[in-house]
Structure formats: structure tokens, C-alpha cells
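Chemist: pasting the sequence and the predicted model now:
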Amino acid sequence: MRQHCAIKHGIFKEILAEFLGTFVLVLFGCGSVAQTILSRNTLGEPLTIHIGFSVGLAMAVYVAGGVSGGHVNPAVSLAMVILGKLKIWKFPFYVIAQFLGAFAGAAAVFGLYYDAFMDFTNGILSVTGINATAHIFASYPARHLSVLGGFIDQVVGTGMLVLCILAIIDGGNIGAPKGVEPLAIGLILMAISVSMGLNCGYPLNPARDLGPRLFTAVAGWGMEVFSTADYWWWIPVAGPMVGGVVGAVLYFLLVEMHHAHNETEKPHEEEEEEEEEEEDEDDNSLKDKYEMITMG
């Protein structure tokens, strides 16, 4: 009974941590976009947005990392399930918490900048056009981007995110100093944002994209947020999930799997060293006895 209650309490803490971490990520990330767009680029630029999302991710991992691992992304959680680092029964709880946290974060940004939204749009919340604001919360493709191109973009971007995260937290690799991992993870997003942001703005996170998109649908932008760009909305949901699996599998096959081989060899080597030390001790004891006999 106590064990069952402890399990329930444990998963509840992890759910709350994932919710709050994702909230922090979206508040800083989408907030930086809102400040840039609503100020008409007088208080921000693309680099401002990159910094906002990168620092937001780092702070999100600091908030949730010690309790839940700080996934704040269903693609990362799925990768951890694939690698056996997260129990599969926890996965749906993590995903729900992440979506709710992202939805709440988007609501907070809208509430924080409500007056600015009304001034910028004259009260008309639109998805497209010169005063469009839906892209503050969710990703939309550039004109040149095809559906296949967008899907590949998200697979590659999220794959690199997950692969590099695994490298940072891998104790068998160089890793990052304890407590610095969130900053290193934030730098991964910074690298992706400045190198892979042209096509659709590097969503890389189904919760971070779909949660705020759902918010815009109910907050006044309407269902056009789903139908725009040939129903683009599913690309930043499905693409990152595939990318997370690809990144996890690549890292495991090319790097992590080889740690296990080294670890299995270490005990054998240690046993051989212990045997050699025992033999040396035996030889020394025999020598001592021989010397005592000869002296006697």
C-alpha cells in the first residue's frame, strides 16, 4: 500500500515538473516572439527570438530536470522510452503534462501582451496578412517549403536535438559538468535555431507547437490555424516524434552501445589485476618465509 502511494506521489511530482518546465519554455520562447512582432521589430529581431527560446529551454530543464529529467518535449520523452530511460507507462502522463504546460504558457503570453495584441491587430486576430499574429504561438512554413521538405526539416532538426542531448547526459561520454547540463542543452537549441530556422522556425517539439496552436484556435484566431498552408499543423507534431526516435537510435548504435562493451570488459580486467596482486603477495610471503628460514 505504501509502495503504491509512493509511486502515485512520484509520478504526480514528475507530471507537475513537466507541466511547469514546458510552461517556462513557452513563456520565454513565445514571449520573445511576441515582443519582437508586436513592437514591429523595435524591441527584438530574429536573434532575440533565438536567445529567448534557447534560454527558455535551459531554464525549463533547470526547473524540471531534478524531478522528471526535464524532457519538456514529447519527442525527447519518446526517445527516452526507446532507450529504456523512461518507463513506457509514464510516457502518456508526461505528454499530457507537456501539452497542458505549453497551452498554459501560450495563454500567459497572450494575457501579458493582450493590450499590445489589440493595438497591433485593431482587435482582429488573423492567421495570415500584414497584421498576422498566429505565428507568434505556433510554426507556419515559409512559401518555398513543401510538405515533404517540412517533414524532413523536423526529422533532422529534432534528431540533432535528441542526439546532442543524449551526448550531454551520457556518463560514458565526455558529458557536461553536473549542473551545467541545462545550459549545454540550451546551446543545442541555439545552434539549431541559427542554422535550421529558415524553413519553419524550428518547432522541434509537438507540445510546444500544438499546445499554443490549440490555444490560438480557442482564443480568437479560429480553426484556420489548422487549415492554413494545406493543413501544415501535423508536420511539427509527427516530424519531431520520428526525429526523436532517429536521433536516439543513431546515438545508441554509434556511441552508447559501445560503452556497454567497455563496461563488460572492465570487471574482467579488474579480476585479472586482483589475481596478479594476490599472486605477488603470495610470492612476497614465500620469499619472506624463505629468508626467515635461511636466517634461522
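Modeler: Looks like it came in fine.
Chemist: ok, Ile192 to Phe91 distance?
Modeler: Separation of Ile192 from Phe91 (Cβ to Cβ, to the nearest Å): 24 Å. Every residue, glycine included, has its C-beta placed from N, CA and C.
Chemist: in space, what's closest to Leu125 - neighbours in sequence excluded?
Modeler: Gly220 (4.2 Å; Cβ to Cβ, 6 or more residues apart in numbering).
Chemist: what's the local residue count around the one you found?
Modeler: 16 (other Cβ atoms under 10 Å).
Chemist: and it, its phi and psi?
Modeler: phi 140, psi -10 (degrees, to the nearest 10).
Chemist: hmm, back to that, neighbour-wise, which of Ile192 and Phe91 wins?
Modeler: Shown here are Ile192 and Phe91; by other Cβ under 10 Å, Ile192 has more neighbours (21 against 16).
Chemist: surely the more buried one touches Gly159?
Modeler: No. Ile192 lies out of contact with Gly159 (Cβ atoms under 8 Å); the separation is 10.4 Å.
Chemist: and the helices in the stretch 1-150 of the chain?
Modeler: Here the stretch 1-150 of the chain has its helices, by DSSP state H, counting those that start in this stretch, at 2-38, 46-68, 74-82, 91-112, 114-121, 147-169.
Chemist: which stretch among those comes nearest Gly186?
Modeler: Between Gly186 and these, the shortest gap by Cβ to Cβ is with helix 46-68, which sits at 3.1 Å.
Chemist: the closest one - what's its average pLDDT?
Modeler: In this model, helix 46-68 carries a mean pLDDT of 98.
Chemist: give me the helices and strands touching it, please.
Modeler: helix 2-38, helix 181-196 (3 or more Cβ pairs under 8 Å, 6 or more residues apart in numbering; DSSP states H and E).
Chemist: quick one: pLDDT of Leu286?
Modeler: The model's pLDDT for Leu286 equals 41.
Chemist: for the protein, which spans come out with low pLDDT?
Modeler: Along the chain, segments meeting pLDDT under 70 span 1-6, 260-296.
Chemist: if we use 80, what do you get?
Modeler: 1-9, 260-296 (pLDDT under 80).
Chemist: which other residues reach stretch 133-141?
Modeler: Stretch 133-141 is contacted from outside by 30, 33-34, 37-38, 106, 109-110, 117, 120-121, 125-127, 150, 199-203, 209-210, 212-213, 215-216, 221, 224-225, 228-229, 232-233, 235-236, using Cβ atoms under 8 Å, 6 or more residues apart in numbering.
Chemist: for Arg143, give me phi and psi.
Modeler: According to degrees, to the nearest 10, Arg143 has phi -60, psi -30.
Chemist: what about it, how many neighbours?
Modeler: Neighbours of Arg143 using other Cβ under 10 Å come to 5.
Chemist: quickly note the distance from it to Gly31.
Modeler: Distance from Arg143 to Gly31, by Cβ to Cβ: 26 Å.
Chemist: now Lys85
Modeler: Taken as Cβ to Cβ, the span from Lys85 to Gly31 is 31 Å.
Chemist: name the residue in those two with the higher neighbour count.
Modeler: Per other Cβ under 10 Å, whichever of Lys85 and Gly31 has more neighbours is Gly31, with 21 against 13.
Chemist: now that one: how far from Phe93?
Modeler: 27 Å.
Chemist: related to what we said a few turns ago, let me have the helices and strands packed on helix 46-68 in CSV, adding distance to Ile136 as columns.
Modeler: Shown next, in CSV, are those (distance: least, Cβ to Cβ, whole Å):
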stretch, distance to Ile136
helix 2-38, 5
helix 181-196, 16
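Chemist: what about those helices, which gets the closest to Gln98?
Modeler: Closest to Gln98 of the helices and strands packed on helix 46-68, according to Cβ to Cβ: helix 2-38, at 4.7 Å.
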